[in-house]
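J.: okay, here's the prediction I keep looking at, along with the sequence it came from:
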Amino acid sequence: MPTNNHSEPIKVLITDDHVLYRAGVKTALSAKKDIKVIAEADNGMHLLNMLKMIQPDVILLDIQMPVMDGIGALPEIKKNWPNIKVIMLTMMDDHSMITKLMELGANSYLSKTSDSEVIYEAIKTCYEQEYFFNALTNKALLNNLKTRNNMTPQKMVQAEANLTDKEMLILRLMCEEKSTKEIADIVELSPRTVEAIRDKLKVKTGAKSTAGLILYAVKNNILDEDTAK
């Protein structure tokens, strides 16, 4: 029986130029009843052409590939198919690269040495909750934020964005991984209104994704302010 709440399995597309790696991941995921690998691509250009015909729920996207790499493909995917979740795969533990990719809209970042259970967990979590943070992403984000905080006065960006109390509250709740419905119940607004405020937050802060909003909240000590009250 599928373990997610959806009758259809989660559709996954694997993009990697190593045939053996694709085969290994596909074989491992084939044992999961709630996931179905619907296609494979061997570079970013191949992937973008495939997306004109089929849309997966989640893409596993290798960073280093010939013709077009994952870094080049990611913004195109997010621009044209914003609802598709993208999990970046790499052999590199590059903190600035991880942060850049998360800000561009990546939903997670995994080492290619991750075992199949971690990949499975990342696919399910990104599909259901938009993003999957792990030790790799958290360490990179925090290191990068510390560097930025040393360069930028923390209150300056927040003052420029001019967030209302309601927007600040919703941003804090998003950082606590509350769902749209949970946030709506807490702030006594409709889920549609909460989504509209979330979109407005992205415009005000310049964030391109939910992960970007969380980066903004951490960078501007919005969470710290909440705990200080």
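T.: Nice, I can see it.
J.: just checking, next helix/strand downstream of the lowest-mean-pLDDT helix or strand in the chain?
T.: One helix or strand of the chain scores below all others by mean pLDDT, DSSP states H and E: helix 154-161, with a mean of 48. Counting by DSSP states H and E, the element after helix 154-161 in chain order, helix or strand, is helix 165-175.
J.: what is the mean pLDDT for that next one?
T.: In this model, helix 165-175 carries a mean pLDDT of 85.
J.: cool, stretch 117-129 as well?
T.: Stretch 117-129 comes out at a mean pLDDT of 89.
J.: next one: that stretch to chain centre, how far?
T.: Stretch 117-129 sits 11 Å away from the centroid of its parent chain (Cα atoms, centre = their mean, to the nearest Å).
J.: got the buried residues for that stretch?
T.: I119, Y120, E121, A122, I123, K124, T125, C126, Y127 (16 or more other Cβ atoms under 10 Å). (Each C-beta comes from the backbone N, C-alpha and C, glycine too.)
J.: what's the answer for stretch 214-221, then?
T.: I214, L215, Y216, A217, V218, K219, N220.
J.: now secondary structure, distance to I186 and pLDDT too, for those, in CSV please.
T.: Formatted as CSV, the buried residues of stretch 214-221 follow (DSSP: H, G, I helix; E, B strand; the rest coil; distance: Cβ to Cβ, whole Å; pLDDT from 0 to 100):
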residue, secondary structure, distance to I186, pLDDT
I214, helix, 17, 78
L215, helix, 22, 76
Y216, helix, 20, 78
A217, helix, 16, 80
V218, helix, 21, 73
K219, helix, 24, 69
N220, coil, 21, 71
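J.: of those residues, which is the nearest to D17?
T.: Nearest to D17, judged by Cβ to Cβ, of these is L215 at 29.7 Å.
J.: correct me, but that closest one touches E103?
T.: Yes. In this structure, L215 is within contact of E103 by Cβ atoms under 8 Å, at 6.5 Å.
J.: mind giving me the domain ranges of this protein?
T.: The record's domain split for the chain, according to automatic domain parsing, is 10-133, 152-228.
J.: out of the buried residues of stretch 117-129, list just those in helices.
T.: I119, Y120, E121, A122, I123, K124, T125, C126, Y127 (DSSP state H).
J.: per-residue pLDDT, the residue nearest the centre of the chain?
T.: When the chain is reduced to its mean C-alpha position, the closest residue under Cα atoms, centre = their mean turns out to be N107, at 1.5 Å. pLDDT for N107: 87.
J.: which ones are touching it?
T.: Residues near N107 by Cβ atoms under 8 Å, 6 or more residues apart in numbering: V58, K85, V86, I87, C126, E130, Y131, F132, S209, A211.
J.: same deal with L48?
T.: Going by Cβ under 8 Å, 6+ apart, L48 touches M68, A73, E76, I77.
J.: the same query, at a cut-off of 10 Å, please.
T.: Residues near L48 by Cβ atoms under 10 Å, 6 or more residues apart in numbering: T15, A41, M68, G72, A73, E76, I77, N80, W81.
J.: filter the residues you listed to the buried ones?
T.: Among these, those classed as buried by 16+ other Cβ under 10 Å are T15, A41, M68, A73, I77.
J.: in TSV: the residues you listed, plus secondary structure and distance to L171.
T.: Formatted as TSV, these follow (DSSP: H, G, I helix; E, B strand; the rest coil; distance: Cβ to Cβ, whole Å):
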residue	secondary structure	distance to L171
T15	strand	32
A41	strand	36
M68	coil	34
A73	helix	29
I77	helix	25
